[in-house]
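**Q** Sequence and predicted structure are below.
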Amino acid sequence: MNVKLRAAREKTGKTQRQVAREAGITEVSYQRIEYNLQRPSLTTAIRIAKALNETVEQLFNAEK
């Protein structure tokens, strides 16, 4: 699970469906991204970050 992504979503009080809609993707696609089953394209990552008022780096940077 992408803990940063989920925490950012919960901080905004948005559902997975709301974030998906704002990012222009399906809810299933968003769920797959949040559960680390799918990697978003750069465009999708930017849209998700924008929907959550975060940066791509804050949400998707690789753990070292």
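**A** Thanks, I have the structure now.
**Q** Let's test this: mean pLDDT of the strand or helix carrying residue 11, rounded?
**A** Per DSSP states H and E: residue 11 is located in helix 3-12. Helix 3-12 carries an average pLDDT of 97.
**Q** for stretch 29-46, same thing?
**A** Stretch 29-46 comes out at a mean pLDDT of 97.
**Q** start the count at 57, not 1, going forward
**A** Happy to do that; since the first residue is 57 now, the last one works out to stretch 85-102.
**Q** Skipping its backbone neighbours, what lies nearest residue 81 in space?
**A** Nearest non-adjacent residue to residue 81, counting by Cβ to Cβ, 6 or more residues apart in numbering: residue 100, 5.9 Å away. Every C-beta, even on glycine, is put in place using the N, C-alpha and C of the backbone.
**Q** list the contacts for that neighbour?
**A** Shown in contact with residue 100 (Cβ atoms under 8 Å, 6 or more residues apart in numbering): 79, 80, 81, 85, 89.
**Q** what about the nearest residue to the second one once chain neighbours are set aside, neighbour count?
**A** Read it as residue 80. Counting by Cβ to Cβ, 6+ apart, residue 80 lies nearest to residue 103, which is 5.9 Å off, once chain neighbours are set aside. Residues within reach of residue 103, counting by other Cβ atoms under 10 Å, total 19.
**Q** related to what we said a few turns ago, name the next helix or strand downstream of the helix holding residue 67, please.
**A** Defined by DSSP H and E, the subsequent element after helix 59-68 is helix 72-79.
**Q** what's next to that next one, contact-wise?
**A** By Cβ under 8 Å, 6+ apart, helix 72-79 touches 65, 70, 82-83, 85-87, 90, 100, 103-104, 106-108.
**Q** Tell me which two of the residues you listed sit farthest apart.
**A** Maximum pairwise distance among these (Cβ to Cβ): 18.7 Å, between 87 and 106.
**Q** Please report how far the residue nearest to residue 80 lies from residue 59.
**A** Separation of residue 103 from residue 59 (Cβ to Cβ, to the nearest Å) stands at 20 Å.
**Q** And for residue 102?
**A** 20 Å.
**Q** higher neighbour count, those two?
**A** For residue 102 versus residue 59, neighbours defined as other Cβ under 10 Å are more numerous around residue 102 (14 against 10).
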